[in-house]
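Novice: Sequence plus predicted model, see below.
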Amino acid sequence: MQMSDPRPQRTYLPFLDVTRVLAVLGVVAIHVVGGGVSSGQVGLSVITLDMALVIAVPVFFMMAGALSLDPRAHHQGPLVFLRKRAIRIVPAMVVWSAFYIVVIRTMVSRHPVSVLDVLDLVVSGQTYTHLYFLFAIAGLYLVAPVLQAFLAGNEEVRAWVLGLVACLWTVGVMAIGQAGQMGVGHSVPLQAGTATFFLLYTGYFVLGRAFLVRPIPRWAAVVGLATVPGFIALVTWLYVASKRAAEDGTPDLWFSVLAPSYVSLPVVVYAIVLMASISSLCRGWRVSERMERLLRTVGNATFGIFLVHFAALVVLRELFPALSPYTPGAMVGAWALTVAVSTLLALVGQRIPLLRLIF
């Protein structure tokens, strides 16, 4: 006689997969327009789009925490949890780091690196522009069993308290570091790198769980969504003002501290408000079994899309120079083709046994 599983089945929440898909589309867009934004080759509308999408990476950390801190992910104990996560993250970390260093940096972009350069890239967690995410999420998976054990005592309260405190700690640490670079003191409390990235994103990771176990009231969620245009306007203004001050040779301390980044105060508040609102309003949404299968498939593919998209973008711009200029048509074309190629590679990779380990 087969015994039934005593664990309750996790209710499928389609908004989690939809959010992951929208976030990875935003990440691709950020990398398509990023060069034009930093070099001043695009107008205010594109800068505003870039600033609106700055919360895409924080959203990924929140979605990871929402699922990884679920007690059902830990029911077999920490060793089983860590083994499953290691199988998911370690092969991707090794293979994609080697691929981007050898193929994209050296062969495609023609920027040769020495052995010492490689060691420095690995230690700093910067094997390629976006791959720091792998090092950060690996660290978060490593501490997830400890976090989950702490939250289990009173998850609804502790997830919010720990998440917000961790976010405040991150904002404070990074603000002090920025002030130090401006000559206000000389402290750099945390050097971000392979072994420390996860510390900066622990707040997002834990809050992803908080949004699920204790959602904010619906009226607060509606108010939160109404503030989103204001946040976008604020971070856009901060970016433009801080860049203008730097170009004029008169950098300002407050602009430097508040300048948009994944862990600066305006972006942290923007990301929390947006995701808390979306989680509250959408957690009751349900879909048909057929739509669930589709969303699960595409949602699972977002990891591979994230990893491969930068290579696809670089190669596409090498093969088709018309995609390189930062004109509206070229950027839209580069984004659409990068998304299409990356999605195809990720979906195919998931069906091939060995490639499945890195997609």
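Specialist: That came through fine.
Novice: In which helix or strand does residue 223 reside?
Specialist: Applying DSSP states H and E as the criterion places residue 223 in helix 218-226.
Novice: Now find how far off-centre that helix is within its chain.
Specialist: Between the centre of helix 218-226 and the centre of its chain there are 23 Å (C-alpha atoms, centre = their mean, to the nearest Å).
Novice: other SSEs contacting it?
Specialist: helix 265-282 (3 or more C-beta pairs under 8 Å, 6 or more residues apart in numbering; DSSP states H and E). (C-beta placed from N, C-alpha, C; glycine too.)
Novice: which stretches of this protein have low pLDDT?
Specialist: Residues of the chain that meet the criterion pLDDT under 70 lie in 1-9, 182-186.
Novice: at 50 what do you get?
Specialist: For the chain, the stretches with pLDDT under 50 are 1-6.
Novice: Select the longest helix from it.
Specialist: helix 289-319 (DSSP state H).
Novice: What residues sit buried inside it?
Specialist: 295, 298-299, 301-314, 316-317 (16 or more other C-beta atoms under 10 Å).
Novice: quick one on the thing from earlier: render the CA-only coordinates of the next helix or strand after the helix holding residue 223 in CSV, please.
Specialist: Next in sequence after helix 218-226, counting helices and strands by DSSP H and E, comes helix 228-247. In CSV, the C-alpha atoms belonging to helix 228-247 read as follows (Å, rounded to 0.1, in the frame of the first residue of the first chain):
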residue,chain,number,x,y,z
VAL,A,228,5.4,53.8,-9.1
PRO,A,229,5.5,56.6,-11.6
GLY,A,230,6.8,58.9,-8.9
PHE,A,231,9.6,56.4,-8.0
ILE,A,232,10.5,56.2,-11.7
ALA,A,233,10.6,60.0,-12.0
LEU,A,234,12.7,60.2,-8.8
VAL,A,235,15.4,57.6,-9.8
THR,A,236,15.5,59.1,-13.3
TRP,A,237,16.1,62.6,-11.9
LEU,A,238,18.8,61.3,-9.5
TYR,A,239,20.6,59.5,-12.3
VAL,A,240,20.6,62.5,-14.6
ALA,A,241,21.6,64.9,-11.8
SER,A,242,24.4,62.8,-10.5
LYS,A,243,25.8,62.2,-13.9
ARG,A,244,25.6,65.9,-14.8
ALA,A,245,27.4,66.8,-11.5
ALA,A,246,30.1,64.2,-12.2
GLU,A,247,30.6,65.5,-15.8
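Novice: got the angle between helix 228-247 and helix 265-282?
Specialist: Helix 228-247 runs at 160 degrees relative to helix 265-282, counting by axes from the mean of the first three to the mean of the last three C-alpha atoms, to 10 degrees.
Novice: For helix 228-247, which helices and strands make contact with it?
Specialist: Where contact means 3+ C-beta pairs under 8 Å, 6+ apart, helix 228-247 is packed against helix 44-52, helix 253-258, helix 265-282.
Novice: Just want the angle from that helix to helix 44-52.
Specialist: If you take the same axes, to 10 degrees, helix 228-247 sits at 110 degrees to helix 44-52.
Novice: Give me the buried positions along helix 228-247.
Specialist: By 16+ other C-beta under 10 Å, the buried positions in helix 228-247 come out as 231-232, 234-236, 238-239, 242-243, 245.
Novice: Check stretch 154-168 too.
Specialist: For stretch 154-168, the neighbour count (16+ other C-beta under 10 Å) marks 155, 158-160, 162-164, 166-167 as buried.
Novice: May I have the helix holding residue 223 as PDB, with CA atoms only?
Specialist: In PDB, the C-alpha atoms belonging to helix 218-226 read as follows (Å, rounded to 0.1, in the frame of the first residue of the first chain):
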ATOM      1  CA  ARG A 218      -5.200  45.500  -1.000                       C
ATOM      2  CA  TRP A 219      -5.900  49.200  -0.500                       C
ATOM      3  CA  ALA A 220      -2.200  49.700   0.400                       C
ATOM      4  CA  ALA A 221      -1.200  47.700  -2.700                       C
ATOM      5  CA  VAL A 222      -3.400  50.000  -4.900                       C
ATOM      6  CA  VAL A 223      -1.700  53.100  -3.300                       C
ATOM      7  CA  GLY A 224       1.700  51.500  -3.800                       C
ATOM      8  CA  LEU A 225       1.100  50.900  -7.500                       C
ATOM      9  CA  ALA A 226       0.000  54.600  -7.800                       C
END
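Novice: number of nearby residues for residue 67?
Specialist: A count of neighbours around residue 67, defined by other C-beta atoms under 10 Å, yields 15.
Novice: Equivalent analysis for residue 264, please.
Specialist: Residue 264 has 22 neighbours, counted by other C-beta under 10 Å.
Novice: That one is in contact with residue 174, isn't it?
Specialist: Yes: with contact defined as C-beta atoms under 8 Å, residue 264 reaches residue 174; the gap is 6.8 Å.
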